[in-house]
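A.B. asks: Here you go, sequence then predicted model.
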Amino acid sequence: MQPSAVMPEQQPLRNLDWGKLNFLQTTDTHGWLGGHLTEPSYSADWGDYVSFAQHMRRMADEKGVDLLLVDAGDRVEGNGLYDSSTPKGLYLYDIYRQQDIDIICPGNHELYKGYAVDGEHDHTVPNYQNNYIASNVDYVNSTTRVREPLAPRYRKFKTKNQGIEVVAFGFLFNFREANITNSLVQTVEDTVKEEWFQQAIREDPDVFVVNGHVGVEMSEFNNTLYRAIRDVNPETPIVFLGGHVHVRNATMYDERAIAVASGRYFETIGWVSMDGPLKREKTPSPRPHDTGKITFSRRYIDTNVLGFYHHTGLTKETFDTERGKNTTAMITAAREAMDLEEFFGCAPQSYWMTRYPYGDKNNIYTFLEQELLAEIAVFKERVDVPRLVLINTGALRFDIFEGRFTRDSMVNMCPFTNGWVYIPDMPYADAKHVADVLLHWEDWFPDQSRQYLMLLGIPTCELNARRETFIAPRDAMKLSGRAAGQVQLSGSDYKILPGHTTVDGMGSDGDDTIHETYSYYTPPSVVTTEVGIQERETPEKVDFVFISFMKKHVLSVFKNLNSTYGEDDMKDYGEYKLDGGIYDWVRMHWSQDC
Ligand SMILES: O=c1ccn([C@@H]2O[C@H](COP(=O)(O)O)[C@@H](O)[C@H]2O)c(=O)[nH]1
């Protein structure tokens, strides 16, 4: 743990079921390798995970079974440990590589910026050599424009103890709208037609492992890849290890195919185990599968040291390994070098992405709309022109906690450096119309709505994945005026604290830690604010200002509405960047100490 991280509290835990083949999975860590310093349930760091994995590998050896470590991408963007260095990732790649990972692939965040693609190509791919798999992502050399696979397309290997033959892939969902030009993503549909893939699915392994930056309910996994593999291999067990959607989720595609994804931001380490007749005899050829039952199990391990001690049977005194401790020290040194605890201001209250409804004063998007937007989208030359400002809610990616707001909190909340663009002197009614279409896309274009939003990524995908409101019993009690607090299990020292309470396609027993649930409210896809516009006297023309990330979405609305507006009408709205604007706002409004 990092020196300033809070200690976890003892909470009731479910055990891990071991099988012949077991996996520890991370995904969407987004740079959070220092852990969640102020959240006890997730306060372990990457060094603790290194120690944990070393012990788990030893335990696997002692049991004579196998353990594979897998990561499904989006390792960058979203935490100071990556974003606050120049160049970005200066410390992250070395810290990351301290963990031995057997199967690793890229996510979309590795492909938004040219330097991030180069970071993969120059650091992560060589750090993991043949374990890095890029089944449908190419690297394009910026100077020569030569295109080559970012890494090998697939990997065939035998596990250490059981000798199970594995064919492993590493896919990225069909992310083609926003990747930068030194990367190239081929659709999964086109990739499965390629000769190398057709050969790979005929390698006749004991198990297929499809690692992918793909949600377990996305068609790239549950339709295209599942069908392609299953059609040729009716009996072979398949393990899909996904990500991208930032939620804990698991489902069985059939009795011999499981799909699991393990959340976001290093809050979760996924555990998947499979047991039964996995390994087949060497002869005859073709080797028939023992069609005996394969059992699967999944757990979502909260990233804290008390859980790690429990699952390894160790204690504070016996848990840390040399390598784990060194990794923790590397993180501490990097955090200090980047001054991630630098005080920017004092947040007077917490602001939540989903725990309070949009419109409530505790909701971060209400805060964005009512407090921030008018002051962070400013262009001195046009300051007197009334403006309608629009931003996608995906721009804010983490809650703000009451109290010290540091360099770290800033990047956690918003790592994006996008600027603002505008269409000058646009008819007010037209600007309102575009905003309305982006907000209610589903009503305007019902045929293409959900998929469209998902593909273009207006909100983050976790906000798109879960649409229904859920009011937690504790909040319901508060609403009805009754008192509520932490639940004490009778006769034990355990408290039930708020945290992840997952219901997935396999039931409600996936979380290793038994938590009290949070309320959940889906935010809108965009928020807008009007500056210099009176409700009773609306101007004929306004500046329509929006975050540059939304350019393609706005263009798409124009196209759908057969509007004559196009890219040539969009101009830079000053030089303010999103992150810099928020920084200045915090300095100005939250300057008091705490
Ligand atoms: O410049 C950017 C890049 C991304 N976003 C938002 O982030 C999500 C993608 O992040 P995931 O972690 O893959 O969900 C994208 O959909 C946008 O909402 C952004 O706002 N600006």
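C.D. replies: Nice, I can see it.
A.B. asks: Can you show me the helices along the stretch 451-594 of the chain?
C.D. replies: Assigned by DSSP state H, counting those that start in this stretch, the helices in the stretch 451-594 of the chain fall at 461-465, 473-479, 551-560, 578-589.
A.B. asks: Can you name the residue of the stretch 51-200 of the chain nearest to the ligand?
C.D. replies: Asn108 (5.0 Å; Cβ to the nearest ligand atom). Heads up, the C-betas are built off the backbone N, CA and C, glycines and all.
A.B. asks: With just CA atoms, put the lengthiest helix in the chain into CSV.
C.D. replies: Identified as the longest helix of the chain according to DSSP state H is helix 46-63. Below are the C-alpha coordinates for helix 46-63, written out as CSV (Å, rounded to 0.1, in the frame of the first residue of the first chain):
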residue,chain,number,x,y,z
TRP,A,46,0.2,-2.7,-7.8
GLY,A,47,3.0,-3.8,-5.5
ASP,A,48,0.5,-5.6,-3.3
TYR,A,49,-0.9,-7.3,-6.4
VAL,A,50,2.6,-8.4,-7.4
SER,A,51,3.0,-10.0,-4.0
PHE,A,52,-0.5,-11.5,-4.2
ALA,A,53,0.2,-13.0,-7.6
GLN,A,54,3.5,-14.5,-6.5
HIS,A,55,1.8,-16.2,-3.6
MET,A,56,-1.1,-17.4,-5.8
ARG,A,57,1.4,-18.8,-8.3
ARG,A,58,3.2,-20.7,-5.5
MET,A,59,-0.2,-22.0,-4.3
ALA,A,60,-1.0,-23.1,-7.8
ASP,A,61,2.3,-25.0,-8.0
GLU,A,62,1.6,-26.6,-4.6
LYS,A,63,-1.8,-27.7,-5.7
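A.B. asks: Which other helices and strands does it contact?
C.D. replies: Secondary-structure packing of helix 46-63 (3 or more Cβ pairs under 8 Å, 6 or more residues apart in numbering; DSSP states H and E): strand 21-26, strand 66-71, helix 305-312, helix 316-319, helix 322-337.
A.B. asks: can you tell me which of the ones you listed comes nearest to Asp579?
C.D. replies: Among those, helix 322-337 comes nearest to Asp579, with 18.4 Å by Cβ to Cβ.
A.B. asks: buried residues in the next helix or strand along the chain from that closest one?
C.D. replies: Once the chain leaves helix 322-337, the next helix or strand it forms, by DSSP states H and E, is strand 343-347. By 16 or more other Cβ atoms under 10 Å, the buried positions in strand 343-347 come out as 344-347.
A.B. asks: near the ligand, which residues of the stretch 51-200 of the chain?
C.D. replies: Neighbours of the ligand within the stretch 51-200 of the chain, by Cβ under 6 Å from any ligand atom: 74, 108-109, 112.
A.B. asks: same thing but 5 Å
C.D. replies: Applying Cβ under 5 Å from any ligand atom, we find that the stretch 51-200 of the chain lies next to the ligand at Asn108.
A.B. asks: all strands for the stretch 51-200 of the chain, in order.
C.D. replies: 66-71, 103-104, 137-140, 147-149, 154-158, 165-172, 183-185 (DSSP state E, counting those that start in this stretch).
A.B. asks: would you turn those strands into JSON lines with mean pLDDT, mean neighbour count and distance to Tyr253?
C.D. replies: Below are the strands of the stretch 51-200 of the chain laid out as JSON lines (pLDDT from 0 to 100; neighbours: other Cβ atoms under 10 Å; distance: least, Cβ to Cβ, whole Å):
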{"stretch": "strand 66-71", "mean pLDDT": "98", "mean neighbour count": "25", "distance to Tyr253": "18"}
{"stretch": "strand 103-104", "mean pLDDT": "98", "mean neighbour count": "25", "distance to Tyr253": "19"}
{"stretch": "strand 137-140", "mean pLDDT": "98", "mean neighbour count": "22", "distance to Tyr253": "23"}
{"stretch": "strand 147-149", "mean pLDDT": "97", "mean neighbour count": "13", "distance to Tyr253": "27"}
{"stretch": "strand 154-158", "mean pLDDT": "98", "mean neighbour count": "17", "distance to Tyr253": "19"}
{"stretch": "strand 165-172", "mean pLDDT": "98", "mean neighbour count": "26", "distance to Tyr253": "15"}
{"stretch": "strand 183-185", "mean pLDDT": "97", "mean neighbour count": "23", "distance to Tyr253": "23"}
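A.B. asks: export those strands to TSV and tack on distance to Pro357?
C.D. replies: Below are these laid out as TSV (distance: least, Cβ to Cβ, whole Å):
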stretch	distance to Pro357
strand 66-71	34
strand 103-104	38
strand 137-140	38
strand 147-149	46
strand 154-158	45
strand 165-172	33
strand 183-185	36
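A.B. asks: out of those, nearest to Asp290?
C.D. replies: strand 165-172 (14.0 Å).
A.B. asks: And that closest one, what does it pack against?
C.D. replies: Applying 3+ Cβ pairs under 8 Å, 6+ apart, we find strand 165-172 packed against strand 103-104, strand 154-158, strand 207-213.
A.B. asks: Point out where this structure drops to low pLDDT.
C.D. replies: Applying pLDDT under 70 to the chain flags the ranges 445-457, 459-461, 463-464, 467, 477, 479-493.
A.B. asks: which residue does it bring closest to the ligand?
C.D. replies: Proximity of the chain to the ligand (Cβ to the nearest ligand atom) peaks at Gly394, 1.8 Å away.
A.B. asks: I'd guessed Tyr358 sits against Ile364; true?
C.D. replies: No: with contact defined as Cβ atoms under 8 Å, Tyr358 does not count as touching Ile364 (9.1 Å).
A.B. asks: Pick out whichever of those two has more residues nearby.
C.D. replies: Ile364 (24 against 18; other Cβ atoms under 10 Å).
A.B. asks: and the more buried one, what does it touch?
C.D. replies: Counting by Cβ atoms under 8 Å, 6 or more residues apart in numbering, Ile364 touches 351-353, 396, 399-400, 413.
A.B. asks: One more pass at 7 Å, please.
C.D. replies: By Cβ atoms under 7 Å, 6 or more residues apart in numbering, the residues touching Ile364 are 351-353, 396, 399-400.
A.B. asks: Please report which of these has the highest neighbour count.
C.D. replies: Neighbour counts for the contacts of Ile364 (other Cβ under 10 Å) peak at Leu396, which has 26 neighbours.
A.B. asks: ok, now how distant is the nearest residue to Gly47 once chain neighbours are set aside from Glu322?
C.D. replies: Leaving aside its sequence neighbours, Gly47 sits nearest to Thr328 (Cβ to Cβ, 6 or more residues apart in numbering; 3.1 Å). Per Cβ to Cβ, to the nearest Å, Thr328 is found 11 Å from Glu322.
A.B. asks: And those two? Which one has more around it.
C.D. replies: More crowded of Thr328 and Glu322, by other Cβ under 10 Å: Thr328, with 27 against 10.
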